[in-house]
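*Asks:* sequence and predicted structure, then a few things I'm wondering about:
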Amino acid sequence: MDDDEIRKYPSALLRYVETRQQEKKNVYGGVCSRLETLSTYENSTANVYSLARIPLSCCWGKHNPYTNHSKILCNPASDEPVLVWLMGHISSTWFMRNSEPDRQCSVTIVPLSRDLSRYANRLLCGFSSPPLRAYTSILKPSASPTLFSSVYDAREVFCAKNEMMPYPPTELKRKDLVLMEMWLCCYFTKDDSNRYSQFRAQFELNAVSVLHSADDTECEDKPENDIGDFRI
């Protein structure tokens, strides 16, 4: 994580914690903060990994008579989908169209690390065929228009979903700090010959947990050329 992205946050996010499994140490030998713990989390039993900790062995799943995981990134040992965690600041959201839930919602975030942003982009481009130069997307498609509701209030603590309060998705705003839970999926697209021979990777939204809600002053747009306390 880049220091300039996190120094403004309250102690509830930056306090040092112990995980239930074991005390996790950071590179300086101290106990990890909440943000550090979430950004480096991995649980092979639950198949949950922060973006930077996705095992290199993960690949597209298999298609068998019972389940079709061929369009979702899976753990090859179990053929179970990998749930990816990624923290960042919201830059835009899309849930409604003409005051009604849209068929497809989206959330765009800026990760807390520039290196992680580049890695996420390389991941999407590399898992696309043919590989893309640049591509970012976190989507949740739906067959029938229903408001995406898997949004939770994790400002005090991030825990099991049934222990957190729901958070209205329409109240998500720019610069809110959120933890995204998502799958890495792919969808087929037509080539120049009008055949579905290529595909693109994208993140598909599973849940959003609000870690910090930006106040009104954080969300204000400040012109770059303004000079503070200058009056004539």
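*Replies:* Sure thing, it's come through. Just so it is clear, the structure is predicted and the values come from calculations on it, not from any experiment.
*Asks:* any idea what residue 202 is bridged to?
*Replies:* Beta bridges link residue 202 to residue 185, judged by DSSP bridges.
*Asks:* report how many residues lie close to it.
*Replies:* Using other C-beta atoms under 10 Å, residue 202 has 22 other residues around it. In short, each C-beta sits where N, CA and C put it, glycine included.
*Asks:* pretty sure it is touching residue 187, no?
*Replies:* Yes. Using C-beta atoms under 8 Å, residue 202 is in contact with residue 187, at 7.0 Å.
*Asks:* pLDDT of stretch 170-187, averaged?
*Replies:* Mean per-residue pLDDT for stretch 170-187: 92.
*Asks:* put the alpha carbons of that stretch into PDB.
*Replies:* Taking Å, rounded to 0.1, in the frame of the first residue of the first chain, the C-alpha atoms of stretch 170-187 are listed here in PDB:
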ATOM      1  CA  THR A 170     -27.100   3.800  -3.600                       C
ATOM      2  CA  GLU A 171     -25.200   5.600  -0.800                       C
ATOM      3  CA  LEU A 172     -21.800   4.400  -2.100                       C
ATOM      4  CA  LYS A 173     -19.900   7.500  -3.300                       C
ATOM      5  CA  ARG A 174     -16.600   8.600  -4.700                       C
ATOM      6  CA  LYS A 175     -13.500   8.200  -2.500                       C
ATOM      7  CA  ASP A 176     -15.300   5.700  -0.100                       C
ATOM      8  CA  LEU A 177     -12.800   3.100   0.900                       C
ATOM      9  CA  VAL A 178     -14.200  -0.400   0.200                       C
ATOM     10  CA  LEU A 179     -13.200  -4.000   0.100                       C
ATOM     11  CA  MET A 180     -14.400  -5.700  -3.100                       C
ATOM     12  CA  GLU A 181     -15.000  -9.400  -3.200                       C
ATOM     13  CA  MET A 182     -15.100 -10.700  -6.800                       C
ATOM     14  CA  TRP A 183     -14.500 -13.600  -9.200                       C
ATOM     15  CA  LEU A 184     -12.300 -13.400 -12.200                       C
ATOM     16  CA  CYS A 185     -14.400 -14.500 -15.100                       C
ATOM     17  CA  CYS A 186     -14.300 -14.400 -18.900                       C
ATOM     18  CA  TYR A 187     -16.800 -13.900 -21.700                       C
END
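*Asks:* what's the offset of that stretch from the middle of its chain?
*Replies:* 5 Å (C-alpha atoms, centre = their mean, to the nearest Å).
*Asks:* can you count the residues close to residue 78?
*Replies:* Neighbours around residue 78, by other C-beta under 10 Å: 11.
*Asks:* contact partners for it?
*Replies:* Residues counted as contacts of residue 78 (C-beta atoms under 8 Å, 6 or more residues apart in numbering) are residue 47.
*Asks:* how close does it get to residue 181?
*Replies:* 19 Å (C-beta to C-beta, to the nearest Å).
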